[in-house]
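Chemist: Mind folding the following:
(one chain, ligands or ions: 1)
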Amino acid sequence: MTSTGPIPADLGFAGPEHVETVVIGGGQAGLATSYHLARAGRPHVVLEGSERVGDVWRQRFDSLRLFSPARYDALPGMPFPMPGWEFPTGSETADYLESYAATFDLPVRTGVSVDSLSRKGEHYVVTSGHRRFEAPNVVVASGTWQTPIVPEFADRLDPRIRQMHSAEYRNPSQLQPGPVLLVGSSHSGPDLAVELAPRTACTCRGRSRARSRSGSTAGRRT
Ligand SMILES: Cc1cc2nc3c(=O)[nH]c(=O)nc-3n(C[C@H](O)[C@H](O)[C@H](O)COP(=O)(O)OP(=O)(O)OC[C@H]3O[C@@H](n4cnc5c(N)ncnc54)[C@H](O)[C@@H]3O)c2cc1C
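Modeler: Model (predicted):
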């Protein structure tokens, strides 16, 4: 999504849809915002780029489990449907978010990826392809995890090294034989170290000493 200057009037956009609040993104933040707006009786719409609510979680690596137990993963008004100290998988998280939107009949429009947000007098203009929304309020809840950060020197590494960001990684079948260096020790790095260590020599490096959900230290040679 880009923030642009004023949009020319003659670009062939559909007539603008006027709404009090546009929420961009139907993840945790967008859905929780929508829940509270709905409870307060405030007209709004949630624009979600994915085809289904929760797809960002469905598209992460197959073995993903949250590091936060279910009791801390619930959104307002609806408990996470599993024992509080269990760790949901990525797809369970996705299904919870989808069912949350359905349970409260939140006005989420999926498959609407916002490509610009601009100011027009006292209003904002939000566009998605030919669609155009005008609103005095916009909540940007598009998240911070959609764009992988790859170090600039990655292009200069030996081309025989198969490099991939964790956003592309699904399971070990994508790797070539040989040892693995995992760079980063937040959530994905230690999880992938636990997954890969039984199969190959695997080193996880990062600024912090990482711990897996079981409490074992994964931020060193495994
Ligand atoms: C691998 C991984 C594991 C994680 N594990 C945990 C965990 O265990 N526990 C925990 O608490 N947190 C975890 N997080 C962090 C958690 O995902 C975020 O803190 C949380 O999802 C933030 O919610 P959000 O609604 O701000 O953003 P997101 O969940 O990223 O939602 C943003 C939504 O906006 C949509 N969107 C983006 N751009 C546009 C656009 N232009 N137009 C329309 N829609 C758009 C996206 O499709 C998405 O649905 C993890 C993150 C990652 C990457």
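Chemist: check which helix or strand covers the residue nearest the centre of the chain.
Modeler: Note on the chain: the residue nearest the mean C-alpha position is V56, at 4.7 Å, using CA atoms, centre = their mean. Per DSSP states H and E, V56 falls inside helix 55-58.
Chemist: buried residues in that helix?
Modeler: For helix 55-58, the neighbour count (16 or more other CB atoms under 10 Å) marks 55-57 as buried. C-beta: built from backbone N, CA, C; applies to glycine.
Chemist: Format the residues you listed as a markdown table; extra columns: pLDDT and distance to the ligand.
Modeler: Output for these, formatted as a markdown table (pLDDT from 0 to 100; distance: CB to the nearest ligand atom, whole Å):
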| residue | pLDDT | distance to the ligand |
| --- | --- | --- |
| D55 | 97 | 7 |
| V56 | 96 | 5 |
| W57 | 96 | 8 |
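Chemist: need the contact list for the residue nearest to the centre of the chain.
Modeler: Going by CB atoms under 8 Å, 6 or more residues apart in numbering, V56 touches 27, 50, 94, 143, 145-146.
Chemist: and if we set it to 7 Å?
Modeler: Counting by CB atoms under 7 Å, 6 or more residues apart in numbering, V56 touches 27, 50.
Chemist: which bits of this structure sit near the ligand?
Modeler: Applying CB under 6 Å from any ligand atom, we find that the chain lies next to the ligand at 1, 24-30, 47-50, 56, 60, 66-68, 113-114, 141-143, 145-146, 187-188.
Chemist: does R60 really touch S91, like I thought?
Modeler: No: using CB atoms under 7 Å, R60 makes no contact with S91, being 9.2 Å away.
Chemist: who has more neighbours, these two?
Modeler: R60 (20 against 14; other CB atoms under 10 Å).
Chemist: how far away is G206 from L106?
Modeler: G206 is 37 Å from L106, where distance means CB to CB, to the nearest Å.
Chemist: Between those two, which has more neighbouring residues?
Modeler: L106 (22 against 15).
Chemist: Look up how far L37 lies from the more buried one.
Modeler: Distance from L106 to L37, by CB to CB: 9 Å.
Chemist: cool, and P198?
Modeler: On the measure of CB to CB, P198 and L37 end up 47 Å apart.
Chemist: buried ones in stretch 50-69?
Modeler: 50, 52-57, 60-61, 63-66, 69.
Chemist: Could the C-alpha coordinates of that stretch be exported in CSV?
Modeler: Extracted in CSV, the C-alpha atoms of stretch 50-69 (Å, rounded to 0.1, in the frame of the first residue of the first chain):
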residue,chain,number,x,y,z
SER,A,50,-6.6,-11.9,1.5
GLU,A,51,-9.3,-14.1,0.1
ARG,A,52,-10.1,-15.4,3.6
VAL,A,53,-9.7,-13.9,7.0
GLY,A,54,-6.7,-15.5,8.6
ASP,A,55,-4.9,-16.3,5.3
VAL,A,56,-1.6,-14.6,6.5
TRP,A,57,-1.5,-17.4,9.2
ARG,A,58,-2.4,-20.2,6.8
GLN,A,59,0.5,-19.1,4.5
ARG,A,60,3.2,-19.4,7.2
PHE,A,61,5.4,-22.5,7.7
ASP,A,62,3.5,-25.7,8.2
SER,A,63,4.9,-26.5,11.7
LEU,A,64,4.1,-23.0,13.1
ARG,A,65,2.7,-22.9,16.6
LEU,A,66,2.2,-19.7,18.5
PHE,A,67,4.6,-19.0,21.3
SER,A,68,1.7,-17.4,23.2
PRO,A,69,-0.7,-19.9,24.8
